[in-house]
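> With the sequence up front, the predicted model follows.
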Amino acid sequence: MQTKNERLKEQVVRMSGVNPLKCMRCGKCSATCPAYDEMEYHPHQFVYMVERGEIEPLLKSKSLYQCLSCFACVERCPRNVEPAKLVEAIRLVAIRQKGMNHMTADDIPALLDDDMPQQAIVSALRKYAK
């Protein structure tokens, strides 16, 4: 029987498509991160913590929302680990765990606004739909 941490790790790895075992902990991702000084956990630490199944502290961390999603860490990684994808997957897990905040396709028409980009609508549906 899987523990909660094992299930969360499996979910994050599946959603991100990233293999954290490829990381050699060189720190290039963190050295490149423009939000480094604002983050409690840095990109290389996200990868390591996912590898170890330590998802709960990441879910509660403000670092999760300090990531700029600029993909600088992805560009610098010599092993193509893509830490930003792990951060985004953990964000999605955090959003989905918050309870009854899921959207359905039927909810979208009431939220439409002429000034809202279509990408924002599709992004919200993907993030909040189960």
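That came through fine.
> Tell me which residue is most central in the protein.
Nearest to the mean C-alpha position of the chain, by CA atoms, centre = their mean, lies residue 88 at 1.9 Å.
> what's near enough to touch that residue?
By CB atoms under 8 Å, 6 or more residues apart in numbering, the contact set of residue 88 is 16, 69. Every residue, glycine included, has its C-beta placed from N, CA and C.
> now it: how far from residue 64?
According to CB to CB, to the nearest Å, residue 88 and residue 64 sit 10 Å apart.
> Show me what the helix or strand hosting residue 122 packs onto, helices and strands only.
Take DSSP states H and E as the rule and residue 122 turns out to sit in helix 118-128. Here helix 118-128 touches helix 83-97, helix 108-111, going by 3 or more CB pairs under 8 Å, 6 or more residues apart in numbering; DSSP states H and E.
> Dump that helix to PDB, keeping only the CA atoms.
Output in PDB follows, covering the C-alpha atoms of helix 118-128 (Å, rounded to 0.1, in the frame of the first residue of the first chain):
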ATOM      1  CA  GLN A 118      -8.400  33.000 -24.400                       C
ATOM      2  CA  GLN A 119      -5.300  31.400 -23.000                       C
ATOM      3  CA  ALA A 120      -6.200  32.500 -19.500                       C
ATOM      4  CA  ILE A 121      -9.600  30.700 -19.800                       C
ATOM      5  CA  VAL A 122      -8.000  27.500 -21.100                       C
ATOM      6  CA  SER A 123      -5.300  27.700 -18.400                       C
ATOM      7  CA  ALA A 124      -7.900  28.100 -15.700                       C
ATOM      8  CA  LEU A 125      -9.900  25.200 -17.000                       C
ATOM      9  CA  ARG A 126      -6.800  23.000 -17.100                       C
ATOM     10  CA  LYS A 127      -5.700  24.000 -13.600                       C
ATOM     11  CA  TYR A 128      -9.100  23.700 -11.800                       C
END
